[in-house]
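Visitor: Just a sequence and a predicted model for now, questions to come.
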Amino acid sequence: MRIMGLDFGSKTVGVAISDALLLTAQGVEIIRRKEENKLRQTLARIEELITEYEVEEIVLGLPKHMNNDEGERAALTMEFKEKLERRTGLPVALWDERLTTVAADRAMMEAGIRREGRKEHVDKIAACFILQGYLDRRSMR
């Protein structure tokens, strides 16, 4: 069994996959789309990855404001969650993703990755932070 972590954005979806022991998250790819509302190809690619990695559960980052309110981006994420559940038949858990993009950017900065290069990878690394947080909490139960 593996778990997939997703960082859903307006033009990209960062994807991470757990190891088989559910201990660590590894970044897999960034799915890019030309238009925000065009999700058919994005969902198809997620399904391919689910099959390839034998995923049985999905964790989706939920973007909240710092005061814990949910805005328009959170509403779009909830719609995406419903589409994922319908299309894949898998359970989709939500994970508070506040500051994951900041943490991903900081990790790349500390690794010496230039600003131009960081943009290429930030969503995939943010998906890793989302999934790793979920795995860590899960293991503590």
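Guide: Perfect, thanks for sending it. Values in this document were obtained by computation on a predicted structure and should not be read as measured data. Residues are numbered from 1 along each chain as shown.

Visitor: Lowest-scoring secondary structure element of the protein by mean pLDDT?
Guide: helix 100-110 (a mean of 62; mean pLDDT, DSSP states H and E).

Visitor: pull the longest helix from this protein.
Guide: helix 115-140 (DSSP state H).

Visitor: For that helix, enumerate the helices and strands it packs against.
Guide: Contacts defined by 3 or more Cβ pairs under 8 Å, 6 or more residues apart in numbering; DSSP states H and E place helix 115-140 against strand 2-8, strand 12-18, strand 25-32, strand 55-62, strand 92-96, helix 100-110. C-beta coordinates here come from the backbone N, C-alpha and C atoms, glycine included.

Visitor: want to throw the ones you listed into CSV with distance to L49 and mean neighbour count?
Guide: Output for the helices and strands packed on helix 115-140, formatted as CSV (distance: least, Cβ to Cβ, whole Å; neighbours: other Cβ atoms under 10 Å):
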stretch, distance to L49, mean neighbour count
strand 2-8, 7, 26
strand 12-18, 6, 25
strand 25-32, 7, 19
strand 55-62, 7, 21
strand 92-96, 14, 16
helix 100-110, 20, 17
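
Visitor: can you list these in a markdown table and add distance to I130?
Guide: Rendered in a markdown table, the data for those read as follows (distance: least, Cβ to Cβ, whole Å):
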| stretch | distance to I130 |
| --- | --- |
| strand 2-8 | 5 |
| strand 12-18 | 7 |
| strand 25-32 | 8 |
| strand 55-62 | 4 |
| strand 92-96 | 5 |
| helix 100-110 | 6 |
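
Visitor: Mean pLDDT lowest where, among those?
Guide: Lowest mean pLDDT within the helices and strands packed on helix 115-140: helix 100-110, at a mean of 62.

Visitor: unless I'm mixing things up, E97 is touching Q132, no?
Guide: No: between E97 and Q132 there is no contact, the gap being 11.8 Å when judged by Cβ atoms under 8 Å.

Visitor: Comparing the two, which residue is more hemmed in?
Guide: The neighbour comparison of E97 against Q132 (other Cβ atoms under 10 Å) goes to E97, with 25 against 19.

Visitor: Thank you kindly, that will do.
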